[in-house]
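Asker: what follows is a predicted protein model with its sequence.
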Amino acid sequence: HDKVKYDPGLFREFYSDVWSSEDGKTWTLQTSTPGWQGRSGPRLVSFAGKLYIIAGEIGFTTSTQLADVWSSGDEGKTWSLVQSSPSYSARSGHGVVALPGYMI
């Protein structure tokens, strides 16, 4: 009997590299060091001329959920922290929709 606590997130590798493509066939590395932590389940949305990466997770427990928001105004080459602790709770696999003038 195994008495070691099991967190499936410990056995996963989370990436933070950013790639782009104009045709889905040829991909170009934009950055391997965006500043944000590698993660699973974030949401990426284009809004007001910028890319936003929102929340995600680094494991499968509530303590490994993220809430931070990062943006890039140069097609993903450089990223800036917009908000480290927004008013919503940490989450992954959530929905984000960009509408004229706001995100929901």
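Answerer: Received the coordinates, thanks. Numbering: from 1, shown residues only.

Asker: mind listing the strands for this structure?
Answerer: All strands of the chain, identified by DSSP state E, fall at 18-20, 28-31, 43-47, 50-57, 65-72, 80-83, 98-99, 102-103.

Asker: out of those strands, the one nearest A90 is which?
Answerer: Nearest of the strands of the chain to A90, taken as CB to CB: strand 65-72 at 3.6 Å. (Glycine included, C-beta is placed from N, CA and C.)

Asker: which residues does that closest one contact?
Answerer: 18, 34-37, 39, 42, 50-58, 78-86, 88-92 (CB atoms under 8 Å, 6 or more residues apart in numbering).

Asker: rerun at 7 Å
Answerer: 35-36, 39, 50-58, 78-86, 88-92 (CB atoms under 7 Å, 6 or more residues apart in numbering).

Asker: extract the C-alpha set from that strand and format it as PDB.
Answerer: Provided in PDB are the C-alpha atoms of strand 65-72 (Å, rounded to 0.1, in the frame of the first residue of the first chain):
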ATOM      1  CA  GLN A  65      -5.100  27.200  -9.400                       C
ATOM      2  CA  LEU A  66      -3.900  30.600 -10.700                       C
ATOM      3  CA  ALA A  67      -5.700  33.900 -11.200                       C
ATOM      4  CA  ASP A  68      -3.100  36.200 -12.700                       C
ATOM      5  CA  VAL A  69      -3.600  38.200 -15.900                       C
ATOM      6  CA  TRP A  70      -0.800  39.000 -18.400                       C
ATOM      7  CA  SER A  71      -0.800  41.000 -21.700                       C
ATOM      8  CA  SER A  72       1.300  41.300 -24.800                       C
END
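
Asker: which of the residues in that strand are buried?
Answerer: Of all the residues in strand 65-72, those buried under the rule 16 or more other CB atoms under 10 Å are Q65, L66, A67, D68, V69, W70, S71, S72.

Asker: point to the residue nearest the middle of this protein.
Answerer: Centroid-nearest residue in the chain, with CA atoms, centre = their mean: P42, separated by 3.8 Å.

Asker: if I look at that residue, how far off is D23?
Answerer: 24 Å (CB to CB, to the nearest Å).

Asker: how about G76?
Answerer: The value you get for G76 to D23, if CB to CB is used, is 17 Å.

Asker: more neighbours, these two?
Answerer: Comparing G76 with D23 by other CB atoms under 10 Å, the one with more neighbours is G76, at 20 against 6.
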